[in-house]
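Chemist: sequence plus the predicted model coming up.
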Amino acid sequence: MMRDTIILRVVAKLLLPAILIFALYVQFHGDYGPGGGFQAGVAAAAGIILYGMIFGIPAAKHVIPTTVIQVMIPLGVLIFAGTGVAGLLLGENYLNYSPLGSHPESGQHLGILIVEAGVFITVASTMLAIFYGFGGLADEADAEQAQEGEE
Amino acid sequence: MVVTVIGIIRAHNLFAVVMLGSVYSFLMATVMVILDAVDVSMTEAAVGAGMSTVLLLAVLHLTRTREAPLRHTPIIPMIVCLMTGGALVFGTLDLPPFGEANAPQNQHVAPYYIENAEHETGSPNIVTAVLASYRGYDTLGEVTVIFTAGIGVLILLASGRGRRRETPDAEQDPKDDAV
């Protein structure tokens, strides 16, 4: 959308690693501090969206293609539900993570980590799908306007 | 926050409205921090102030940035708003005072979580423990809702693209010359 602004490009390149690292920090520190899969997913998607806004949607789609998103959206839900099924197979109630580890506490901890990863994947990819949707429409509208201008 | 809302109502430039909405979300996030709900505050800041603003800006890119002139008087929506707001305020009158120890929400399962969450789940953040473990079903439901939203968006966009291609002057796919 704004491909010619050098200040934005440089600042975005500086900020992008920080945003993605912060997303991972929120993801994995969610057990100890505020945060979790949902917030981390939104933060990671925001990083990619910033990239897409400044370098154009095609560049962002080059980083994370639409096919990857189409796989990731159901993958997150499957990870979450699959963790529940794993607990079920190991002889506990659905979504009880206790049997996943060597003793109940570590099992719960592991379960929470896996489940949060599932939330992260689904949230991040859904946010990106929505952004690609609207942004893609906007780009198409731009291209059409340009075509009309030429005619 | 009241100033922001009045600004949103008075402004006719939709760009300003989106920005004021973002400001409102950030103020809301600050209120959440003051109420010690840091997790909610993070979500509000990320989703309310960040993500929705970006998406609304993308929509503004597609439409005009001026509000359309009103075609009817806003008297009925105003009555509905006032009645709903009045009912909500009336409902809050019966709520126990904030932070009261004897309030029902602090008596039911909350003490159990506070006492047992850390050694039962190994997670010092009780919010995470409740969200992912004790209330796993709820969170699974939330993720499914998001999943449904994502799938819905993908389907809507796919159908939109198909219709575009059928129109004669869009034979050259605009996506290709954007790449």
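Modeler: Perfect, I can see it now. The structure presented is a predicted model; accordingly, all values stated were derived computationally and were not measured.

Chemist: contacts and neighbour counts: CA atoms only from here.
Modeler: OK.

Chemist: in which helix or strand does the most centrally placed residue in chain A reside?
Modeler: Compute the mean C-alpha point of chain A, and by C-alpha atoms, centre = their mean the closest residue is residue A:124, 2.0 Å away. Under the criterion of DSSP states H and E, residue A:124 resides in helix A:104-150.

Chemist: by contact count, what packs against that helix?
Modeler: If contacts are counted by 3 or more C-alpha pairs under 8 Å, 6 or more residues apart in numbering or on different chains; DSSP states H and E, helix A:104-150 sits against helix A:6-28, helix A:37-55, helix A:57-63, helix A:66-89, helix B:52-62, helix B:110-121, helix B:136-166, helix B:174-178.

Chemist: tell me the most buried of those helices?
Modeler: Highest mean neighbour count among the helices and strands packed on helix A:104-150 (mean count of other C-alpha atoms under 10 Å in any protein chain shown): helix A:37-55, with a mean of 25.

Chemist: what does that one contact?
Modeler: With C-alpha atoms under 8 Å, 6 or more residues apart in numbering or on different chains as the test, helix A:37-55 has contacts from A:1-3, A:8-9, A:12, A:16, A:19-20, A:22-27, A:30, A:58-61, A:116-125, A:127-128, A:131, B:42-43, B:46-47, B:50-51.

Chemist: what's the separation between the residue nearest to the centre of chain A and chain B?
Modeler: In this view, residue A:124 and chain B are 10 Å apart by C-alpha to the nearest C-alpha, to the nearest Å.

Chemist: just how off-centre is the helix holding residue A:124 within its chain?
Modeler: In terms of C-alpha atoms, centre = their mean, to the nearest Å, the centre of helix A:104-150 is set 6 Å apart from its chain centre.

Chemist: now that helix: average pLDDT?
Modeler: The predicted model assigns helix A:104-150 a mean pLDDT of 78.

Chemist: tell me the angle it makes with helix A:6-28.
Modeler: 160 degrees (axes from the mean of the first three to the mean of the last three C-alpha atoms, to 10 degrees).

Chemist: what's the closest non-adjacent residue to residue B:7?
Modeler: Using C-alpha to C-alpha, 6 or more residues apart in numbering or on different chains and skipping the chain neighbours, the partner closest in space to residue B:7 is residue B:20 (7.3 Å).
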